[in-house]
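Participant: Okay, here's the prediction I keep looking at, along with the sequence it came from:
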Amino acid sequence: MLIVGSGPAGADLAWRLASGGADVLLVDRLADLTRAAFSSAALPLAAVREHHLPETVIAARWRGWQLLGPGPSERLWMADEPLGAVLDFGALRQWMAQRAAAAGARVQLGVHCEGWRASGAGARVQLRDPDGQRRTLHPRWLVDATGQQRALLGEPPPSADPLVAGVGVEWLLQVDPPRWRRWAEQLSFMLGSDWVPQGYGWVFPMQPGVLKLGICRLQDAGTAQPPLQGLLRQLQVRLGLADATVLDRHGGLVRSSIRRREPHRRGPLLGLGDAVSTANLLGGEGIRHALSSSATLAPLLLAALAGHPQALDPYPRRLRRRLGWRWSLSGRLAQRTWLGLRTPAADRRLERLLTGLEACNAEDLSALLFDYRFERYGLRALPYALGWR
(Lines give C-alpha, C1' and ligand atoms only; values in the text may rest on other atoms or scores of the structure.)
Protein backbone atom coordinates (compact mmCIF):
# COMPACT_ATOMS: atom_id res chain seq x y z
CA MET A 1 0.00 0.00 0.00
CA LEU A 2 1.64 3.24 -1.17
CA ILE A 3 0.46 6.77 -0.33
CA VAL A 4 2.11 9.65 -2.20
CA GLY A 5 1.86 12.92 -0.29
CA SER A 6 2.23 13.45 3.45
CA GLY A 7 -0.18 16.33 3.92
CA PRO A 8 -2.97 16.01 6.49
CA ALA A 9 -5.03 13.66 4.30
CA GLY A 10 -2.18 11.35 3.32
CA ALA A 11 -0.65 11.14 6.79
CA ASP A 12 -4.05 10.60 8.42
CA LEU A 13 -4.87 7.81 5.98
CA ALA A 14 -1.48 6.18 6.63
CA TRP A 15 -2.16 6.27 10.37
CA ARG A 16 -5.64 4.80 9.99
CA LEU A 17 -4.47 2.01 7.69
CA ALA A 18 -1.41 1.14 9.78
CA SER A 19 -3.57 1.12 12.90
CA GLY A 20 -5.79 -1.39 11.08
CA GLY A 21 -2.85 -3.70 10.43
CA ALA A 22 -2.04 -2.72 6.84
CA ASP A 23 1.49 -2.53 5.44
CA VAL A 24 1.77 1.14 4.46
CA LEU A 25 4.49 3.23 2.83
CA LEU A 26 3.99 7.02 2.97
CA VAL A 27 6.29 9.18 0.83
CA ASP A 28 6.58 12.92 0.30
CA ARG A 29 8.80 15.01 -1.96
CA LEU A 30 9.61 17.40 0.90
CA ALA A 31 12.64 16.48 2.99
CA ASP A 32 11.29 18.67 5.81
CA LEU A 33 7.53 18.75 6.41
CA THR A 34 7.75 22.08 8.23
CA ARG A 35 8.72 23.78 4.94
CA ALA A 36 6.30 25.21 2.37
CA ALA A 37 3.67 25.36 5.12
CA PHE A 38 1.00 27.41 3.36
CA SER A 39 -2.32 27.16 5.17
CA SER A 40 -4.28 29.70 7.19
CA ALA A 41 -5.07 26.61 9.33
CA ALA A 42 -7.98 27.90 11.39
CA LEU A 43 -10.25 25.17 12.76
CA PRO A 44 -13.35 25.12 14.94
CA LEU A 45 -12.96 23.62 18.40
CA ALA A 46 -15.05 20.57 17.46
CA ALA A 47 -12.51 19.60 14.77
CA VAL A 48 -9.58 20.05 17.15
CA ARG A 49 -11.26 17.66 19.58
CA GLU A 50 -12.46 15.21 16.94
CA HIS A 51 -8.95 14.69 15.60
CA HIS A 52 -7.29 14.78 19.05
CA LEU A 53 -4.82 17.46 17.99
CA PRO A 54 -2.10 18.03 20.60
CA GLU A 55 -1.08 21.36 22.09
CA THR A 56 2.19 21.21 20.15
CA VAL A 57 0.39 21.96 16.86
CA ILE A 58 -1.84 24.75 18.23
CA ALA A 59 -0.37 28.23 17.75
CA ALA A 60 -3.28 30.19 19.24
CA ARG A 61 -6.93 29.93 20.21
CA TRP A 62 -9.64 32.27 19.00
CA ARG A 63 -13.09 33.19 20.27
CA GLY A 64 -14.32 35.82 17.84
CA TRP A 65 -14.77 37.10 14.32
CA GLN A 66 -13.77 40.54 13.04
CA LEU A 67 -14.86 41.65 9.58
CA LEU A 68 -13.37 44.82 8.09
CA GLY A 69 -15.11 46.20 5.02
CA PRO A 70 -16.55 46.72 2.59
CA GLY A 71 -14.98 50.16 2.80
CA PRO A 72 -14.61 51.53 6.34
CA SER A 73 -17.16 49.17 7.93
CA GLU A 74 -16.00 47.24 11.00
CA ARG A 75 -17.88 44.42 12.74
CA LEU A 76 -16.88 42.28 15.70
CA TRP A 77 -18.47 39.21 17.28
CA MET A 78 -16.85 37.77 20.44
CA ALA A 79 -17.77 34.70 22.51
CA ASP A 80 -16.99 34.15 26.17
CA GLU A 81 -15.11 30.90 25.52
CA PRO A 82 -12.73 29.74 22.75
CA LEU A 83 -14.43 28.68 19.51
CA GLY A 84 -11.42 27.25 17.74
CA ALA A 85 -7.68 27.22 17.14
CA VAL A 86 -5.13 28.46 14.63
CA LEU A 87 -2.67 25.68 13.89
CA ASP A 88 1.03 25.70 13.11
CA PHE A 89 0.62 23.89 9.79
CA GLY A 90 4.23 22.74 9.58
CA ALA A 91 4.06 21.31 13.09
CA LEU A 92 0.74 19.65 12.22
CA ARG A 93 2.19 17.87 9.18
CA GLN A 94 5.21 16.74 11.16
CA TRP A 95 3.09 15.41 14.04
CA MET A 96 0.72 13.56 11.72
CA ALA A 97 3.61 11.84 9.93
CA GLN A 98 5.17 10.88 13.27
CA ARG A 99 1.82 9.49 14.45
CA ALA A 100 1.57 7.37 11.29
CA ALA A 101 5.10 6.06 11.85
CA ALA A 102 4.31 5.23 15.48
CA ALA A 103 1.34 3.16 14.26
CA GLY A 104 3.63 1.14 11.99
CA ALA A 105 3.64 3.04 8.68
CA ARG A 106 6.96 3.53 6.94
CA VAL A 107 7.48 7.25 6.27
CA GLN A 108 10.09 8.29 3.71
CA LEU A 109 10.75 11.98 2.99
CA GLY A 110 12.51 13.64 0.08
CA VAL A 111 11.11 10.95 -2.24
CA HIS A 112 9.64 11.92 -5.62
CA CYS A 113 7.09 9.82 -7.47
CA GLU A 114 8.12 10.04 -11.13
CA GLY A 115 5.29 8.03 -12.62
CA TRP A 116 3.00 5.07 -12.40
CA ARG A 117 0.95 2.69 -14.52
CA ALA A 118 -1.48 -0.12 -13.90
CA SER A 119 0.26 -3.49 -13.79
CA GLY A 120 -1.49 -6.79 -13.24
CA ALA A 121 -3.70 -6.58 -10.17
CA GLY A 122 -1.98 -3.44 -8.89
CA ALA A 123 0.32 -0.59 -9.90
CA ARG A 124 3.91 -0.18 -11.03
CA VAL A 125 5.37 2.98 -9.47
CA GLN A 126 8.74 4.62 -10.04
CA LEU A 127 10.23 6.59 -7.14
CA ARG A 128 13.36 8.73 -6.94
CA ASP A 129 15.10 8.84 -3.56
CA PRO A 130 16.92 11.86 -2.08
CA ASP A 131 20.26 10.52 -3.35
CA GLY A 132 18.92 10.35 -6.92
CA GLN A 133 18.59 6.57 -6.98
CA ARG A 134 15.47 5.21 -8.65
CA ARG A 135 13.43 2.22 -7.53
CA THR A 136 10.26 0.52 -8.70
CA LEU A 137 7.47 -0.64 -6.40
CA HIS A 138 4.43 -2.80 -7.13
CA PRO A 139 1.74 -1.87 -4.59
CA ARG A 140 -1.74 -3.39 -4.80
CA TRP A 141 -3.26 0.05 -4.18
CA LEU A 142 -1.85 3.52 -4.75
CA VAL A 143 -3.20 6.79 -3.29
CA ASP A 144 -2.71 10.27 -4.77
CA ALA A 145 -2.55 12.61 -1.78
CA THR A 146 -0.53 15.29 -3.59
CA GLY A 147 -3.18 17.99 -3.18
CA GLN A 148 -4.42 20.24 -5.96
CA GLN A 149 -1.45 19.23 -8.13
CA ARG A 150 -3.13 15.85 -8.71
CA ALA A 151 0.34 14.56 -9.60
CA LEU A 152 -0.83 10.98 -10.19
CA LEU A 153 -4.56 11.27 -10.82
CA GLY A 154 -4.13 14.04 -13.40
CA GLU A 155 -6.55 16.77 -14.39
CA PRO A 156 -10.27 15.95 -14.41
CA PRO A 157 -11.70 15.32 -17.90
CA PRO A 158 -12.90 18.48 -19.70
CA SER A 159 -16.47 17.22 -19.63
CA ALA A 160 -16.45 17.10 -15.84
CA ASP A 161 -17.33 19.96 -13.52
CA PRO A 162 -14.57 22.53 -14.25
CA LEU A 163 -12.00 23.37 -11.61
CA VAL A 164 -12.25 26.76 -9.93
CA ALA A 165 -8.88 28.07 -8.77
CA GLY A 166 -7.89 30.41 -5.99
CA VAL A 167 -4.35 31.59 -5.34
CA GLY A 168 -3.12 32.75 -1.95
CA VAL A 169 -0.09 34.45 -0.43
CA GLU A 170 0.66 34.58 3.28
CA TRP A 171 3.35 36.31 5.34
CA LEU A 172 4.33 35.48 8.89
CA LEU A 173 4.92 38.76 10.75
CA GLN A 174 6.70 39.53 14.00
CA VAL A 175 5.06 42.43 15.86
CA ASP A 176 5.30 44.12 19.24
CA PRO A 177 2.94 43.02 22.07
CA PRO A 178 0.42 45.90 21.70
CA ARG A 179 -0.10 45.22 18.01
CA TRP A 180 -0.31 41.48 18.58
CA ARG A 181 -3.02 42.01 21.21
CA ARG A 182 -4.97 44.09 18.68
CA TRP A 183 -5.50 40.92 16.60
CA ALA A 184 -5.38 38.26 19.32
CA GLU A 185 -8.25 35.84 20.03
CA GLN A 186 -10.08 36.57 16.78
CA LEU A 187 -10.11 35.65 13.12
CA SER A 188 -10.04 38.89 11.14
CA PHE A 189 -11.05 39.17 7.49
CA MET A 190 -10.85 42.11 5.07
CA LEU A 191 -13.73 42.12 2.59
CA GLY A 192 -14.59 44.38 -0.32
CA SER A 193 -13.21 45.45 -3.68
CA ASP A 194 -11.13 48.25 -2.14
CA TRP A 195 -9.38 45.72 0.11
CA VAL A 196 -8.84 42.70 -2.17
CA PRO A 197 -10.69 42.71 -5.52
CA GLN A 198 -12.22 39.27 -6.21
CA GLY A 199 -10.92 37.90 -2.95
CA TYR A 200 -10.32 38.61 0.72
CA GLY A 201 -7.56 39.25 3.21
CA TRP A 202 -6.98 37.93 6.71
CA VAL A 203 -5.01 38.43 9.90
CA PHE A 204 -4.81 35.45 12.25
CA PRO A 205 -2.95 35.32 15.56
CA MET A 206 -0.19 32.81 16.09
CA GLN A 207 1.97 32.50 19.21
CA PRO A 208 2.50 35.81 21.11
CA GLY A 209 4.24 38.33 18.90
CA VAL A 210 3.48 36.56 15.61
CA LEU A 211 0.62 37.15 13.13
CA LYS A 212 -0.41 35.58 9.84
CA LEU A 213 -1.24 38.16 7.16
CA GLY A 214 -2.63 36.77 3.93
CA ILE A 215 -4.82 37.22 0.90
CA CYS A 216 -6.64 34.78 -1.38
CA ARG A 217 -8.24 35.55 -4.73
CA LEU A 218 -10.14 33.46 -7.25
CA GLN A 219 -8.52 33.42 -10.67
CA ASP A 220 -10.52 35.14 -13.41
CA ALA A 221 -9.15 34.73 -16.93
CA GLY A 222 -11.51 37.42 -18.20
CA THR A 223 -10.29 40.16 -15.86
CA ALA A 224 -6.91 41.86 -15.45
CA GLN A 225 -5.96 41.17 -11.84
CA PRO A 226 -3.27 43.11 -9.92
CA PRO A 227 -0.25 41.21 -8.54
CA LEU A 228 -0.91 39.52 -5.20
CA GLN A 229 2.33 40.67 -3.61
CA GLY A 230 1.41 44.30 -4.23
CA LEU A 231 -2.06 43.79 -2.76
CA LEU A 232 -0.58 42.13 0.31
CA ARG A 233 1.86 44.99 0.80
CA GLN A 234 -1.03 47.50 0.55
CA LEU A 235 -2.94 45.47 3.13
CA GLN A 236 0.07 45.50 5.43
CA VAL A 237 0.31 49.29 5.24
CA ARG A 238 -3.43 49.87 5.64
CA LEU A 239 -3.57 47.69 8.77
CA GLY A 240 -0.65 49.45 10.44
CA LEU A 241 1.72 46.51 10.03
CA ALA A 242 4.10 48.07 7.51
CA ASP A 243 7.17 47.98 9.77
CA ALA A 244 6.60 44.43 11.04
CA THR A 245 9.43 41.98 10.45
CA VAL A 246 8.56 39.34 7.85
CA LEU A 247 9.60 35.95 9.24
CA ASP A 248 8.39 33.83 6.33
CA ARG A 249 6.67 34.16 2.96
CA HIS A 250 4.72 31.37 1.32
CA GLY A 251 1.84 30.83 -1.03
CA GLY A 252 -0.18 28.22 -2.79
CA LEU A 253 -3.02 27.30 -5.09
CA VAL A 254 -6.45 25.91 -4.21
CA ARG A 255 -8.38 24.15 -7.00
CA SER A 256 -11.72 22.44 -6.57
CA SER A 257 -14.77 21.65 -8.64
CA ILE A 258 -18.09 22.87 -7.30
CA ARG A 259 -20.15 19.70 -7.75
CA ARG A 260 -17.27 17.26 -7.11
CA ARG A 261 -18.23 14.86 -9.89
CA GLU A 262 -14.69 14.14 -11.14
CA PRO A 263 -13.35 10.55 -11.07
CA HIS A 264 -12.00 9.49 -7.67
CA ARG A 265 -10.28 6.38 -9.00
CA ARG A 266 -8.28 5.08 -11.96
CA GLY A 267 -7.83 1.34 -11.58
CA PRO A 268 -5.54 0.77 -8.57
CA LEU A 269 -5.12 4.54 -8.05
CA LEU A 270 -7.36 6.42 -5.61
CA GLY A 271 -7.60 10.18 -5.11
CA LEU A 272 -7.61 11.70 -1.63
CA GLY A 273 -8.17 15.16 -0.15
CA ASP A 274 -7.56 18.14 -2.42
CA ALA A 275 -6.78 15.74 -5.30
CA VAL A 276 -10.54 15.06 -5.42
CA SER A 277 -11.65 18.65 -4.70
CA THR A 278 -12.18 18.58 -0.94
CA ALA A 279 -10.75 22.11 -0.50
CA ASN A 280 -13.60 24.55 0.07
CA LEU A 281 -13.46 27.73 -1.99
CA LEU A 282 -15.58 29.93 0.25
CA GLY A 283 -12.85 30.35 2.86
CA GLY A 284 -10.04 28.35 1.28
CA GLU A 285 -10.48 25.74 3.99
CA GLY A 286 -8.87 22.39 3.33
CA ILE A 287 -7.69 20.58 6.47
CA ARG A 288 -11.04 19.47 7.90
CA HIS A 289 -12.40 18.30 4.56
CA ALA A 290 -9.18 16.50 3.65
CA LEU A 291 -9.42 14.59 6.93
CA SER A 292 -13.03 13.74 6.08
CA SER A 293 -11.80 12.08 2.90
CA SER A 294 -9.23 9.95 4.74
CA ALA A 295 -11.80 8.95 7.37
CA THR A 296 -14.18 7.95 4.56
CA LEU A 297 -11.63 6.03 2.49
CA ALA A 298 -9.76 4.19 5.27
CA PRO A 299 -12.36 1.51 6.17
CA LEU A 300 -13.14 0.91 2.50
CA LEU A 301 -9.46 0.51 1.68
CA LEU A 302 -8.90 -1.84 4.61
CA ALA A 303 -11.72 -4.01 3.25
CA ALA A 304 -10.16 -3.91 -0.23
CA LEU A 305 -6.77 -4.91 1.20
CA ALA A 306 -8.52 -7.83 2.89
CA GLY A 307 -9.60 -9.14 -0.51
CA HIS A 308 -12.81 -7.23 -1.20
CA PRO A 309 -11.96 -4.65 -3.91
CA GLN A 310 -15.64 -3.92 -4.54
CA ALA A 311 -15.71 -2.24 -1.12
CA LEU A 312 -14.15 0.82 -2.81
CA ASP A 313 -17.04 1.35 -5.22
CA PRO A 314 -19.12 3.63 -2.93
CA TYR A 315 -16.16 5.90 -2.03
CA PRO A 316 -17.18 8.95 -4.15
CA ARG A 317 -20.80 8.72 -3.06
CA ARG A 318 -19.94 8.36 0.63
CA LEU A 319 -17.55 11.28 0.51
CA ARG A 320 -20.17 13.51 -1.15
CA ARG A 321 -22.64 12.49 1.55
CA ARG A 322 -20.11 13.22 4.30
CA LEU A 323 -19.33 16.68 2.93
CA GLY A 324 -23.06 17.35 2.51
CA TRP A 325 -25.20 19.46 0.21
CA ARG A 326 -24.11 22.65 1.96
CA TRP A 327 -20.56 22.07 0.72
CA SER A 328 -21.57 22.51 -2.93
CA LEU A 329 -23.79 25.45 -2.04
CA SER A 330 -20.85 27.15 -0.32
CA GLY A 331 -18.80 26.68 -3.49
CA ARG A 332 -21.45 28.42 -5.57
CA LEU A 333 -21.51 31.18 -2.98
CA ALA A 334 -17.72 31.48 -3.29
CA GLN A 335 -17.91 31.90 -7.05
CA ARG A 336 -20.73 34.42 -6.86
CA THR A 337 -19.15 36.39 -4.04
CA TRP A 338 -15.45 36.49 -4.88
CA LEU A 339 -15.50 36.65 -8.67
CA GLY A 340 -18.14 39.38 -8.57
CA LEU A 341 -16.47 41.38 -5.80
CA ARG A 342 -14.84 44.05 -7.95
CA THR A 343 -17.41 46.85 -8.20
CA PRO A 344 -19.19 49.25 -5.83
CA ALA A 345 -22.47 47.46 -6.61
CA ALA A 346 -20.99 44.16 -5.43
CA ASP A 347 -19.73 45.87 -2.27
CA ARG A 348 -23.23 47.15 -1.56
CA ARG A 349 -24.67 43.63 -1.93
CA LEU A 350 -22.09 42.26 0.47
CA GLU A 351 -22.73 45.13 2.89
CA ARG A 352 -26.43 44.26 2.99
CA LEU A 353 -25.63 40.62 3.70
CA LEU A 354 -23.25 41.51 6.53
CA THR A 355 -25.70 44.00 8.00
CA GLY A 356 -28.23 41.18 8.21
CA LEU A 357 -25.75 39.18 10.31
CA GLU A 358 -25.09 41.88 12.90
CA ALA A 359 -27.74 40.50 15.27
CA CYS A 360 -26.00 37.10 15.33
CA ASN A 361 -23.51 36.02 17.96
CA ALA A 362 -20.01 34.62 17.42
CA GLU A 363 -21.25 31.04 17.67
CA ASP A 364 -23.76 31.74 14.88
CA LEU A 365 -20.96 33.06 12.67
CA SER A 366 -18.97 29.88 13.27
CA ALA A 367 -21.97 27.75 12.28
CA LEU A 368 -22.37 29.82 9.11
CA LEU A 369 -18.73 29.97 8.05
CA PHE A 370 -17.55 26.50 9.13
CA ASP A 371 -20.73 24.42 8.86
CA TYR A 372 -22.31 26.43 6.00
CA ARG A 373 -25.63 26.56 7.88
CA PHE A 374 -27.19 29.24 5.70
CA GLU A 375 -30.71 28.09 6.58
CA ARG A 376 -30.30 29.45 10.12
CA TYR A 377 -30.96 32.89 8.69
CA GLY A 378 -34.30 32.09 7.11
CA LEU A 379 -32.46 31.32 3.86
CA ARG A 380 -31.47 34.99 3.79
CA ALA A 381 -28.09 34.09 2.30
CA LEU A 382 -29.39 31.73 -0.38
CA PRO A 383 -30.66 34.33 -2.87
CA TYR A 384 -27.30 36.07 -2.56
CA ALA A 385 -25.51 32.76 -3.12
CA LEU A 386 -27.55 32.01 -6.21
CA GLY A 387 -27.18 35.49 -7.65
CA TRP A 388 -30.79 36.52 -7.24
CA ARG A 389 -29.85 39.69 -5.37
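Facilitator: Received, thanks.
Participant: Once you drop chain neighbours, what's closest to the residue nearest to the spatial centre of the chain?
Facilitator: The centre of the chain sits closest to Gly286, judged by CA atoms, centre = their mean, with a distance of 1.8 Å. Nearest non-adjacent residue to Gly286, counting by CB to CB, 6 or more residues apart in numbering: Ala279, 4.1 Å away. Just so you know, the C-beta spots here come from the backbone N, C-alpha and C atoms, and that holds for glycine as well.
Participant: in the stretch 151-300 of the chain, what spans have low per-residue confidence?
Facilitator: Scanning the stretch 151-300 of the chain for pLDDT under 70 picks out 160.
Participant: wait, the residue nearest to the centre of the chain sits on Val254?
Facilitator: Yes - Gly286 is in contact with Val254 according to CB atoms under 8 Å; the separation is 6.9 Å.
Participant: Quick check: neighbours shared by those two?
Facilitator: Listed as contacting both Gly286 and Val254 by CB atoms under 8 Å, 6 or more residues apart in numbering are 274, 279.
Participant: now stretch 330-350: how far from the chain's centre is it?
Facilitator: Distance, stretch centre to chain centre, for stretch 330-350: 21 Å (CA atoms, centre = their mean, to the nearest Å).
Participant: Which residue ranges of the stretch 51-200 of the chain form strands?
Facilitator: 58-62, 64-68, 74-78, 84-87, 106-109, 112-119, 122-128, 134-137, 142-144, 163-174, 186-191, 199-205 (DSSP state E, counting those that start in this stretch).
Participant: Which secondary structure elements does the fourth one sit against?
Facilitator: Put plainly, it is strand 84-87. strand 42-44, helix 45-50, strand 58-62 (3 or more CB pairs under 8 Å, 6 or more residues apart in numbering; DSSP states H and E).
Participant: at 6 Å what do you get?
Facilitator: The helices and strands touching strand 84-87, judged by 3 or more CB pairs under 6 Å, 6 or more residues apart in numbering; DSSP states H and E, are strand 42-44, strand 58-62.
Participant: Out of those strands, name the one with the poorest average pLDDT.
Facilitator: Sorting the helices and strands packed on strand 84-87 by mean pLDDT places strand 42-44 lowest, at a mean of 93.
Participant: What strands line up against it, and which way round?
Facilitator: According to DSSP bridges, strand 42-44 forms sheet pairs with strand 84-87 (antiparallel).
Participant: Give me the residues contacting the strand it pairs with.
Facilitator: Residues from elsewhere that reach strand 84-87, judged by CB atoms under 6 Å, 6 or more residues apart in numbering: 41-45, 48, 57-62, 204.
Participant: Just the closest of the residues you listed to Cys360, please.
Facilitator: Closest approach to Cys360 among the contacts of strand 84-87 (CB to CB): Pro44, at 15.7 Å.
Participant: picking that back up, okay if I get the helices and strands packed on strand 84-87 as CSV plus distance to Leu269 and mean neighbour count?
Facilitator: Below are the helices and strands packed on strand 84-87 laid out as CSV (distance: least, CB to CB, whole Å; neighbours: other CB atoms under 10 Å):
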stretch, distance to Leu269, mean neighbour count
strand 42-44, 29, 23
strand 58-62, 34, 21
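Participant: want to try TSV for those, with distance to Ala224 as columns?
Facilitator: As requested, the helices and strands packed on strand 84-87 are exported to TSV (distance: least, CB to CB, whole Å):
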stretch	distance to Ala224
strand 42-44	31
strand 58-62	35
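Participant: What residues sit buried inside stretch 78-87?
Facilitator: Neighbour-count burial for stretch 78-87 flags 79, 83-87 (criterion: 16 or more other CB atoms under 10 Å).
Participant: Then stretch 221-236?
Facilitator: The neighbour-count check on stretch 221-236 (16+ other CB under 10 Å) flags 225, 228, 231-232, 234-236 as buried.
Participant: How about residues contacting that stretch?
Facilitator: Stretch 221-236 is contacted from outside by 169, 196, 201, 215, 242, using CB under 6 Å, 6+ apart.
Participant: The second one: how many residues sit nearby?
Facilitator: Applying other CB atoms under 10 Å, we find 27 residues neighbouring Val196.
Participant: ok, back up a step: tell me which of the strands of the stretch 51-200 of the chain sits nearest to Glu363.
Facilitator: Across the strands of the stretch 51-200 of the chain, Glu363 has its closest neighbour in strand 74-78 (8.6 Å, CB to CB).
Participant: Which elements pack onto that closest one?
Facilitator: Looks like strand 74-78 contacts strand 64-68, helix 362-371 (3+ CB pairs under 6 Å, 6+ apart).
Participant: weakest of these in terms of mean pLDDT?
Facilitator: Least confidently modelled of the helices and strands packed on strand 74-78 is helix 362-371, at a mean of 87 by mean pLDDT.
Participant: start to end distance for stretch 36-43?
Facilitator: End-to-end distance of stretch 36-43 (CA to CA, to the nearest Å): 20 Å.
Participant: Which residues does that stretch contact?
Facilitator: For stretch 36-43, the external contacting residues (CB under 6 Å, 6+ apart) are 84-87, 89-90, 187, 250-252.
Participant: Could you pick out the longest helix of the chain?
Facilitator: Longest helix in the chain, counting residues (DSSP state H): helix 287-305.
Participant: Beyond that one, next helix or strand please.
Facilitator: helix 315-323 (DSSP states H and E).
Participant: Looking at the very next helix or strand once past that next one now, give me its mean pLDDT.
Facilitator: The helix or strand immediately downstream of helix 315-323 is helix 325-334, counting by DSSP H and E. In this model, helix 325-334 carries a mean pLDDT of 79.
Participant: Would you confirm that Leu253 contacts Gly168?
Facilitator: No - in this structure, Leu253 is not within contact of Gly168 by CB atoms under 6 Å, at 7.7 Å.
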